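*Asks:* Provided below for reference: sequence and predicted model.
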Amino acid sequence: MGIGKTLESIALLDYYDKWPVLILTKKSSCIAWIDEIHHWMSHSIRNRIGLKEKDSLDEIIKLVENPKDLVDLEESDAEIIICNYTFFTEHLDDFKKVPFRFVIADESHALKDKESKRYKAVESLISSSDKCEHLILVSGTPALNNPSELFTQVNLIDPTIFPDPEEYEQRYCNAQLRYGNYFREYKDVSGHSNLDELKLILETVMVRREKQDFPNFFPEKHRELIEIEFDNIDLENRFKKFIKKLKRRSKYVKNNKILLEKFEKKLNTLYGRTCEAKIVGAFSKIEETLESTDEKFIVVAHHTKMINMLEKMCSENQHEFATIYGNKSRIEREESLDKFKNDEECRIMIVSFDTCSGLTLIGKIIITSFMLEFFFKFEFFLF
């Protein structure tokens, strides 16, 4: 969100001076953390350890992302270890061997599910360590939907605040017993209650920053919904036929779990196929933006096929661009970010939904940033 969460966390690292440090984050955010630590802490680290300006910090700030990085991790000179949640969860025992004194869990809403492996792994590390003195959870959206998503995060910080999860759900989530398919009973914790009381309690452990606290920093945001038309009659007829078939099947799936699952798969197939219909219109919007402004801009897409086709069309039309998406390696991501930030000819950055969070570009370049949210609309798609 660009309101200084990473910088604030780094300042606390430097202030408390407790090493070694473990930083857990999404895979797409690892590079951003390395860049920011180098930017803000390199001078402090060199002064404390006695290194010269020309000396590398690669052994001090260590990214752990594959099994070979775990070799001699316990004996490593690294003071700051950065790792993505997935790899950390899979190799928890190796990380438990390191006496971390400071832990940062970035994008902490990723720990909202108390049954998830990543939450259990982080909780296990914290509870089993007698060395860890500080834990910081960082998130722009700690609760996306309801108070139930806050319990695990507060519990990691101080398990004595809400010692009983069921009592928490009853008091703050308006827990209700409901009946689902085949009259199976389940607890619904998607509600909320006693929010004023919860807010007061959270203020003891949460430091909140809002964009309204920085009124002159962020540019005004403009939202525009773009409807993309296409004239491919053959493709349109295929969609109509597919949707007609879905309409017929929808009448029989309501109380049949097996048919419902098949129906959902068909819907996902339709959702994926809409990508074919959007590509030409999406690229025309990119070219329109290139002509209307001299600034750099970011395009966010969902389907890998969409990204690949936009790459191909940009190349064929000799538009310089950079991309970041799922199968890109760390080195390739670094090269893409560097190209977008420093190459004046590169004005387009194409990123996927699942990898675009954590890309910190504020203060480095001026960007007209927008998201092309492509919707494929049929008036008869109503059932």
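*Replies:* Right, received. Where do you want to start?
*Asks:* low pLDDT regions in this protein?
*Replies:* Across the chain, the ranges flagged by pLDDT under 70 are 1-2, 180-183, 214-215, 217-219, 228-233, 235-236, 246-264, 266-268, 270-272, 355-383.
*Asks:* Show me it divided up by domain.
*Replies:* Split into domains by automatic domain parsing, the chain comes to 5-213, 233-369.
*Asks:* Of all these, which one is nearest R223?
*Replies:* Put simply, out of the domains of the chain the one that sits nearest R223 is domain 233-369, at 12.1 Å, with distance taken as Cβ to Cβ. Any C-beta I mention is one placed from the backbone N, CA and C, and that applies to glycine too.
*Asks:* ok so, going back, how about JSON lines for the domains of the chain, with mean neighbour count added?
*Replies:* JSON lines is the format used below for these (neighbours: other Cβ atoms under 10 Å):
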{"stretch": "domain 5-213", "mean neighbour count": "16"}
{"stretch": "domain 233-369", "mean neighbour count": "15"}
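*Asks:* Now tabulate the ones you listed in TSV and tack on distance to E220.
*Replies:* Below are the domains of the chain laid out as TSV (distance: least, Cβ to Cβ, whole Å):
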stretch	distance to E220
domain 5-213	11
domain 233-369	12
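*Asks:* surely E53 meets R46?
*Replies:* Yes - the pair E53 and R46 qualifies as a contact (Cβ atoms under 8 Å) at a distance of 6.7 Å.
*Asks:* Look at H222 and say how many residues are nearby.
*Replies:* Taking other Cβ atoms under 10 Å as the criterion, the count of residues near H222 is 7.
*Asks:* How about F151, nearest residue that isn't a chain neighbour?
*Replies:* Y168 (5.3 Å; Cβ to Cβ, 6 or more residues apart in numbering).
*Asks:* Y179 now?
*Replies:* Across the structure, with Cβ to Cβ, 6+ apart as the measure, the residue nearest Y179 apart from its sequence neighbours is E185 (5.9 Å).
*Asks:* And the one you found, how close does it get to S44?
*Replies:* 56 Å (Cβ to Cβ, to the nearest Å).
*Asks:* now the strands: where do they sit in the stretch 101-250 of the chain?
*Replies:* If DSSP state E, counting those that start in this stretch is used as the criterion, the strands of the stretch 101-250 of the chain fall at 102-106, 134-138, 176-179, 185-188.
*Asks:* what angle separates the second one from strand 102-106?
*Replies:* Interaxial angle, strand 134-138 versus strand 102-106 (axes from the mean of the first three to the mean of the last three Cα atoms, to 10 degrees): 10 degrees.
*Asks:* Identify the residues contacting strand 134-138?
*Replies:* With contacts defined as Cβ atoms under 8 Å, 6 or more residues apart in numbering, strand 134-138 is touched by 5-6, 9, 12, 16, 18, 101-108, 111, 126, 153, 156-157.
*Asks:* Filter the residues you listed down to the ones in helices?
*Replies:* Among the contacts of strand 134-138, DSSP state H puts 5-6, 9, 12, 16, 126, 153, 156-157 in helices.
*Asks:* so which of the residues you listed comes closest to P67?
*Replies:* Proximity of the ones in helices among the contacts of strand 134-138 to P67 (Cβ to Cβ) peaks at I126, which lies at 23.6 Å.
*Asks:* before we move on, the earlier item: return the distance of the residue nearest to Y179 relative to R178.
*Replies:* With the distance defined as Cβ to Cβ, E185 ends up 7 Å from R178.
*Asks:* ok, N174 - contacts?
*Replies:* By Cβ under 8 Å, 6+ apart, the residues touching N174 are 189, 191-193.
*Asks:* so how far is D130 from it?
*Replies:* 38 Å.
*Asks:* now V98
*Replies:* Spatial separation of V98 from D130 under the definition Cβ to Cβ is 13 Å.
*Asks:* Likewise for I10?
*Replies:* In this structure, I10 lies at 25 Å from D130, with Cβ to Cβ as the measure.
*Asks:* Any figure for the gap between E220 and K211?
*Replies:* In terms of Cβ to Cβ, E220 sits 11 Å off from K211.
*Asks:* How about E332?
*Replies:* Computed as Cβ to Cβ, the E332 to K211 distance reads 32 Å.
*Asks:* Do you have the helices of the stretch 151-300 of the chain handy? List them.
*Replies:* Per DSSP state H, counting those that start in this stretch, the stretch 151-300 of the chain carries helices over the ranges 151-157, 165-172, 195-202, 233-250, 257-292.
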